[in-house]
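# sequence unknown, structure follows:
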């Protein structure tokens, strides 16, 4: 009797294993990519067209000049609100807020690509090639001139993949070389230098904002308009400075903690590698900088918990800029992600990025008659 019961249990387990698994309802990776692309398309319209018009045409030259310029090129386009800087700025804020959804989703998809790609070298080569191809339209769309002061988002994604490779290497390393042990020993020094760098740059921004701080205080008691964005930048600079010291404290706690020596070394060396790529993105001034790289690494570390890791990555971006806070909304489609690839559109985003930036440069010329500044 007992043998019969055991046989029945084995048959039930076998049937459960061989039965077709029910597919998870939700959206595919390609759908997430389309959502991000639409958001990015809207965002870049605000950055390259609306902001260019506001800061280079309307504010310096006034309503009459702006109306005459636009009507001379596209007579049917002009509407009265386009002569009001405040209304144009409100439109820009709305557009850019919608656009904040894009980058975190691309970070999430980058992690998915990193985990599932069959050829990491080709993955990096694609990112590197399109980083170079996109740089000219990126410069012209956002800065109106060719410049090396800022680099496009493909450079950020490229550096983020390098950071993931380094962190994954440390995670899987069975034994540590002399180089790793050397890095482990000087970890606190490196973290301290980085902390001082962050703190000094933050203090520089704070000192530069002191005159505007007094304006904000004056406005609070009724003496004229206050540049509230400056107050926001002040708070963010303080946060960045604090983060610099926190890095040093974290490394010190890891180094002096009671955890297993191998675990401490993995944490210390892994964090130092990520810190190095964070600094590289900051020095190159890539789009989203080191915080973009950090967001990707955080999402990778918390990969099994999709939404929690995603929100933690968005939090890192929000520390960089409070304007990124609306990106938390993008956790909704990520929550619906079913883990499937969906439509094969590997090269669509790669080509779309430089193409739509070039399109906006052309559109700006049609509307305003200028290629750049």
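Right, received. Where do you want to start? Note that this is a predicted model, so its numbers are computed, not measured.

# which stretches of the stretch 151-300 of the chain have low pLDDT?
Residue ranges of the stretch 151-300 of the chain with pLDDT under 70: 174-181, 183-264.

# repeat that with 50
206, 209, 213, 216, 221-231 (pLDDT under 50).

# For residue 28, which residues are in contact?
Going by C-beta atoms under 8 Å, 6 or more residues apart in numbering, residue 28 touches 337-338, 340-343. For glycine as for every other residue, the C-beta is placed from the backbone atoms N, C-alpha and C.

# what's residue 83 in contact with, if anything?
Shown in contact with residue 83 (C-beta under 8 Å, 6+ apart): 58, 63, 66-67.

# what helices or strands is whichever strand or helix holds residue 105 leaning on?
Residue 105 is part of helix 102-116, with elements assigned from DSSP states H and E. Contact here means 3 or more C-beta pairs under 8 Å, 6 or more residues apart in numbering; DSSP states H and E; on that basis helix 102-116 packs against helix 29-45, helix 120-143, helix 153-172, helix 289-301, helix 306-320, helix 331-335.

# and of the ones you listed, who's closest to residue 114?
For residue 114, the closest of these is helix 153-172, at 5.3 Å, according to C-beta to C-beta.

# Not counting the closest one itself, show me its contacts.
By C-beta under 8 Å, 6+ apart, the list of residues contacting helix 153-172 reads 103, 106-107, 110-111, 114, 120, 123-124, 127-128, 130-131, 134, 180, 266, 269-270, 273-274, 276-278, 280-281, 284, 286-289, 292-293, 296-297, 300-301, 353.

# what's the angle from that helix to helix 120-143?
Relative orientation of helix 153-172 and helix 120-143, computed by axes from the mean of the first three to the mean of the last three C-alpha atoms, to 10 degrees: 140 degrees.

# buried set for helix 153-172?
Residues of helix 153-172 classed as buried by neighbour count (16 or more other C-beta atoms under 10 Å): 153-164, 166-167, 170.

# repeat for stretch 317-330
317-321, 323-324, 326-328, 330.

# just stretch 288-305 next, same as before
288-302.

# try stretch 357-365
Residues of stretch 357-365 classed as buried: 357-361, 364 (neighbour count, 16+ other C-beta under 10 Å).

# Same question for residue 371, what's its three-state structure.
Classification of residue 371 by DSSP: H, G, I helix; E, B strand; the rest coil places it in coil.

# From residue 76, how far out is it?
23 Å (C-beta to C-beta, to the nearest Å).

# Give me the more crowded residue out of these two.
residue 371 (12 against 7; other C-beta atoms under 10 Å).

# and the residue nearest to the more buried one when sequence neighbours are not counted, what element?
Spatial nearest neighbour of residue 371, chain neighbours left out: residue 365 (5.6 Å); criterion: C-beta to C-beta, 6 or more residues apart in numbering. Assigned by DSSP H and E, residue 365 belongs to helix 348-368.

# now the angle between helix 153-172 and that helix, please.
For helix 348-368 against helix 153-172, the angle by the same axes, to 10 degrees is 150 degrees.

# among the contacts of residue 83, which ones are buried?
Counted by 16+ other C-beta under 10 Å, the contacts of residue 83 give 58, 66-67 as buried.

# wait, which of the residues you listed is closest to residue 347?
Once C-beta to C-beta is applied, the member of those that ends up nearest residue 347 is residue 58, at 38.0 Å.

# Wait, the closest one touches residue 66, no?
Yes: contact criterion C-beta atoms under 8 Å: residue 58 and residue 66 qualify, at 4.8 Å.

# what touches both of these two?
With C-beta under 8 Å, 6+ apart as the test, residue 58 and residue 66 both reach 82-83.
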